[in-house]
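A.B. asks: Here is a sequence together with a model predicted from it:
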Amino acid sequence: MQFNTAPQLAKRMAEGEVADILIAPSTVLDEQAKNGKISMQGRLTLGRVGAGVVVRSDAPSPEIATTEALKRAMLSADSIVYNTASSGLYLEKLFERIGIAEQIKAKTTRYPTGEDVMDHIIKGKGNELGFGAITEIKQFEPKGLKLVGPLPPDIQNYTSYGAALISNAPSADAAKAFLIYLATPEAKQIFAAEGIE
C-alpha cells in the first residue's frame, strides 16, 4: 500500500504506475476514468472527510463551534499552522472570506503536507492551532495531538473519496474482492471510526 497527495497520485497514474486499486478524491477518479486508467465497473464511494482543528494533547481546547468562536480562537492563538495542499488552499480562501487573513498572516506557518503540520503541533509550544483533515488528525492523536472538533458546519469543506479498479490491475480478482469488502458494513464502521463520514 502506498499513500500520496491527490496531485501526486494523478502524476503517478500518468507515468503508468502499476497497481490494483486507486483510492482517491472523486475528482481524481473522474479524471482517471476519462483517461481510461480505471474501470467504472465496481467503482464505489467510500465517504467524505472534513477539516478539523487540532491542538497538542496537553493544551486547552478552544471554543470553535461557530464561525465567530473559531475566529476568536484564531485571533487569540500564538500561531496558526496548516498545509499548502488542496485543504490548505481552501483554508487560505476561507480565512480571507471570514475577514481574518491579514490579522493572522504574521503568525501563520504553512507546510507542504498535513503530516508536517501535525509534527509541528506535536513539537510546538504555546497556544498553537493547527488545521487538517480529520482522518489525519485522528491518525496522529496517539502521538500527542487532540482533535478539538470539525470546522463549524457553515464553513466546513469536505473531500469525497472513492475506490476503483485500475484498468491494467495485475491482481484484478483480488482487487475486485477487496472493493466488495470496502462496501460492507464492517468496512464502513472502520472508516467511521477514523473520521470518514
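C.D. replies: Sure, I can see it. Quick caveat, the model's predicted, so the values are computed rather than measured.

A.B. asks: Tell me which stretches of the protein form strands.
C.D. replies: Secondary structure of the chain by DSSP state E: the strands cover 21-25, 44-56, 79-83, 108-111, 128-133, 145-150, 158-165.

A.B. asks: Tell me which of the ones you listed sits most buried.
C.D. replies: Greatest average neighbour count among the strands of the chain goes to strand 128-133 (a mean of 25), per mean count of other Cβ atoms under 10 Å. Any C-beta I mention is one placed from the backbone N, CA and C, and that applies to glycine too.

A.B. asks: List of residues touching it?
C.D. replies: Contact partners of strand 128-133, identified using Cβ atoms under 8 Å, 6 or more residues apart in numbering, comprise 49-56, 59, 62, 73-74, 77-83, 87-88, 91, 114, 117-118, 120-121, 137, 145, 159, 195.

A.B. asks: Could you rerun that using 6 Å?
C.D. replies: Val49, Val54, Ala77, Ser79, Ile80, Val81, Tyr82, Leu91, Gly114, Val117, Ile121 (Cβ atoms under 6 Å, 6 or more residues apart in numbering).

A.B. asks: how about stretch 177-196 as PDB, C-alpha atoms only?
C.D. replies: Coordinates of each C-alpha in stretch 177-196 appear next as PDB, following Å, rounded to 0.1, in the frame of the first residue of the first chain:
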ATOM      1  CA  ALA A 177     -12.800  -8.900  -3.900                       C
ATOM      2  CA  PHE A 178     -11.200  -6.100  -1.900                       C
ATOM      3  CA  LEU A 179     -13.600  -3.500  -3.500                       C
ATOM      4  CA  ILE A 180     -16.500  -5.700  -2.500                       C
ATOM      5  CA  TYR A 181     -15.200  -5.800   1.100                       C
ATOM      6  CA  LEU A 182     -14.800  -1.900   1.100                       C
ATOM      7  CA  ALA A 183     -18.600  -1.700   0.600                       C
ATOM      8  CA  THR A 184     -19.500  -3.900   3.600                       C
ATOM      9  CA  PRO A 185     -21.000  -2.500   6.800                       C
ATOM     10  CA  GLU A 186     -17.900  -3.800   8.700                       C
ATOM     11  CA  ALA A 187     -15.600  -1.700   6.400                       C
ATOM     12  CA  LYS A 188     -17.900   1.400   6.800                       C
ATOM     13  CA  GLN A 189     -17.700   1.100  10.600                       C
ATOM     14  CA  ILE A 190     -13.900   1.100  10.300                       C
ATOM     15  CA  PHE A 191     -14.000   4.200   8.100                       C
ATOM     16  CA  ALA A 192     -16.400   6.000  10.500                       C
ATOM     17  CA  ALA A 193     -14.100   5.300  13.500                       C
ATOM     18  CA  GLU A 194     -11.300   7.000  11.600                       C
ATOM     19  CA  GLY A 195     -13.300  10.100  10.800                       C
ATOM     20  CA  ILE A 196     -14.700   9.300   7.300                       C
END
